[in-house]
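# sequence and predicted structure below; questions after.
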Amino acid sequence: MYLRVLSLGLAAAVFIGTVACDEALSSLTGPTPGLEPTLSSIQKEIFDTTDSSGRLACTNCHNGNAFVPGNLRAGASYATLVNTRSVERPGLLRVAPGDPENSYVIHKLEGRPGIVGERMPRGTGPYLTDGQILVIRRWIELGANND
């Protein structure tokens, strides 16, 4: 009985810590204060919207045209990203659920060495803030669900 109570207490503490972590992320997202680690939020706040910093919506370029890989329009973004091999780095998935370090989209957003082409969004910025990238990383850590 004692072990069961202890286990339930531990589970509650982990849940509260996880929720608090996600709430703390929202305070770091700068021009997208409502950004949450869900695909629907990332779709609305990052992929579809030009934010107050002047960073263009991802769908300005990634809209299914033949010249730019990936379609980040609503309804297409999940299949374009999750468990899909990168065209530029076929050894990596664009989004590897549970594994942001091996998700090529994180490499491109952070402008890491070894990416093919330019850091995203393309050009001289503004780029996503560290907080915005953290929220995308968190979505991937949580399994990159189609939510």
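Sure, I can see it.

# measure the nearest residue to Arg112 once chain neighbours are set aside to Gly91 for me?
Spatial nearest neighbour of Arg112, excluding adjacent residues (C-beta to C-beta, 6 or more residues apart in numbering): Ile106 at 8.0 Å. The C-beta positions use only the backbone N, C-alpha and C, and glycine is treated the same way. Using C-beta to C-beta, to the nearest Å, we find Ile106 at a distance of 15 Å from Gly91.

# ok, now Leu72?
On the measure of C-beta to C-beta, Leu72 and Gly91 end up 22 Å apart.

# between those two, who's got more neighbours?
Leu72 (23 against 8; other C-beta atoms under 10 Å).

# check contacts around that one.
For Leu72, the contact set (C-beta atoms under 8 Å, 6 or more residues apart in numbering) comprises 43, 47, 58-59, 62-63, 80-81.

# need the contact list for Ser53.
Contacts of Ser53 (C-beta under 8 Å, 6+ apart): 30-31, 126, 129.

# so of those, which ones are in helices?
Assigned to helices by DSSP state H, none of the contacts of Ser53 qualify.

# out of those residues, which is nearest to Gly98?
Thr129 (23.4 Å; C-beta to C-beta).

# can you tell me how far the spatially closest residue to that closest one that is not a sequence neighbour sits from Ile140?
The spatial neighbour of Thr129 that comes closest, neighbours along the chain excluded (C-beta to C-beta, 6+ apart), is Gly30 at 4.3 Å. According to C-beta to C-beta, Gly30 and Ile140 sit 20 Å apart.

# again, but for Cys61
Counting by C-beta to C-beta - Cys61 and Ile140 are separated by 21 Å.

# between those two, which is the more surrounded one?
Taking neighbours as other C-beta under 10 Å, Cys61 and Ile140 compare with Ile140 leading, 24 against 17.

# which residue packs closest to the more buried one, ignoring adjacent ones?
Closest to Ile140 by C-beta to C-beta, 6+ apart is Pro100, at 4.2 Å.
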